[in-house]
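Chemist: predicted model follows, preceded by the sequence.
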Amino acid sequence: MSRLHVDLQGKTAVVTGAASGIGRAIAETLASSGAAVCVGDVNEAAARESAAQIEREGGRAIVSRVDVRDRAQVRAMIEETVRRFGRLDILVNNAGLQVIAPVWEFPEEKWDLLVGVMLTGTFLCTKYSLPHMMAGRWGRVVNISSIHGLVASPFKSAYVSAKHGIVGFTRTLALEVADHGITANAICPGWVRTPLVEGQIADQARVQRIPPDEVIEKIILAPAAIKRLLEPGEIASLVLYLCSDAAAGVTGAALAIDAGWTAR
Ligand code: NAD
């Protein structure tokens with residue numbers, strides 16, 4: 001895949017959920033474009049691997065073990081990033097997870113978990129990052145929503161609610177921070193090849209008693225125009241574009257990157 005060229009030398013980014021999948025690709029892409037990156041994740045061991053990979057490739061990275069639902073841990077992550085790198089310019093709210101069940105059986109603690117991580121976590125990380133972006137009179141907040149921030153699927157009520165919430169939060173934020181040189185956008189990916197999706201493919205294959213390839217073809221790719229899974233690097237490239245000066249006029253947007261899923 002050809003890479004977009006954006007110079008982020010001198011900038012600092014925090015990426016949550018950066019130990020795996022899309023977040024890891026985003027952290028690597030921002031770092032290889034010159035940004036110093038804080039790899040924030042609840043999975044500290046995997047976050048260390050992600051940061052080590054960035055450093056092996058010549059980038060700068062620190063690790064923060066953070067549960068984004070926890071305001072003290074979020075504050076500590078942001079403060080540590082600014083202490084180590086002197087500034088904070090870019091925040092990518094990416095941490096997320098999925099639970100599938102009908103509303104009438106949806107475990108209440110799982111509802112709290114999903115809304116807590118994806119919606120409240122996005123609010124907390126943003127709240128504590130903004131003063132530093134305002135101080136620099138430049139900032140980029142990129143929130144990883146989903147096509148499920150735009151449309152619904154059955155059995156994903158907490159996920160769909162949190163992802164729609166992220167779009168609403170992003171729009172509100174864009175209106176509040178524009179005068180400070182800060183943009184806020186949501187990215188709404190379709191199916192991306194990551195551990196989160198590989199787990200769902202395996203679950204569906206078991207439940208439907210069909211091979212994983214058939215799950216991909218019949219369930220996952222059926223509504224899409226382009227019949228393949230997206231790769232994490234493709235989402236990272238859109239994040240990189242939004243972090244560039246070329247995207248200075250893009251704010252409050254909910255950008256679908258979904259292989260045509262929501263076109264119909
Ligand atoms: P993933 O499971 O590979 O990675 C998610 C990361 O988030 C993990 O490293 C996990 O440890 C971290 N995380 C979970 N809870 C956390 C918490 N409380 N605090 C901090 N970190 C936490 O998943 P992925 O597919 O890379 O998904 C990344 C984001 O992209 C999620 O928000 C997901 O909803 C969104 N997304 C994914 C797809 C897809 O098809 N994979 C599509 C649309 C949107």
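Modeler: Arrived safely, thanks for sending. Numbering: from 1, shown residues only.
Chemist: looking at this, Ala256 is in a strand?
Modeler: Yes. Ala256 sits within a strand when classified using DSSP: H, G, I helix; E, B strand; the rest coil.
Chemist: I figured it hits Cys188, correct?
Modeler: Yes. Shown here, Ala256 and Cys188 form a contact pair, counting by CB atoms under 8 Å, at 4.6 Å. To be clear about C-beta, it is placed using only N, CA and C from the backbone, and glycine gets the same treatment.
Chemist: overlap in contacts of those two?
Modeler: Residues touching both Ala256 and Cys188 by CB atoms under 8 Å, 6 or more residues apart in numbering: Ile147, Leu150, Thr262.
Chemist: give me the buried subset of those residues.
Modeler: Ile147, Leu150 (16 or more other CB atoms under 10 Å).
Chemist: make a markdown table from the shared contacts of Ala256 and Cys188 and add secondary structure to it.
Modeler: Putting these into a markdown table (three-state DSSP) gives the following:
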| residue | secondary structure |
| --- | --- |
| Ile147 | helix |
| Leu150 | coil |
| Thr262 | helix |
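Chemist: which residue ranges form the helices in this protein?
Modeler: Per DSSP state H, the chain carries helices over the ranges 21-32, 44-56, 71-85, 108-115, 121-136, 157-177, 195-208, 212-214, 232-243.
Chemist: for the ligand, find the nearest of the ones you listed.
Modeler: Nearest of those to the ligand, taken as CB to the nearest ligand atom: helix 21-32 at 2.2 Å.
Chemist: now do the closest one: everything it contacts.
Modeler: 3, 8, 13, 15-18, 37, 39, 41, 50, 53-54, 57-61, 90, 92, 94-95, 144, 189, 192, 194-196, 231-233, 235-237, 239-240, 243.
Chemist: does any part of it sit near the ligand?
Modeler: Yes. Interface with the ligand: helix 21-32 contributes Gly21, Ile22, Gly23 (CB under 6 Å from any ligand atom).
Chemist: quick one: mean pLDDT for stretch 79-89?
Modeler: For stretch 79-89, the mean pLDDT works out to 98.
Chemist: check stretch 230-245 too.
Modeler: Computed over stretch 230-245, the average pLDDT equals 98.
Chemist: tell me how far it lies from the chain's centre.
Modeler: 11 Å (CA atoms, centre = their mean, to the nearest Å).
Chemist: try stretch 37-46
Modeler: That offset, for stretch 37-46, works out to 13 Å (CA atoms, centre = their mean).
Chemist: now do the end-to-end distance for that stretch.
Modeler: Across its full length, stretch 37-46 reaches 15 Å between end residues, using CA to CA, to the nearest Å.
Chemist: residues near the closest residue to Gly252 other than its chain neighbours, how many?
Modeler: Distances taken as CB to CB, 6 or more residues apart in numbering place Ala174 nearest to Gly252, at 3.3 Å, with adjacent residues excluded. As a burial measure, Ala174 scores 19 neighbours (other CB atoms under 10 Å).
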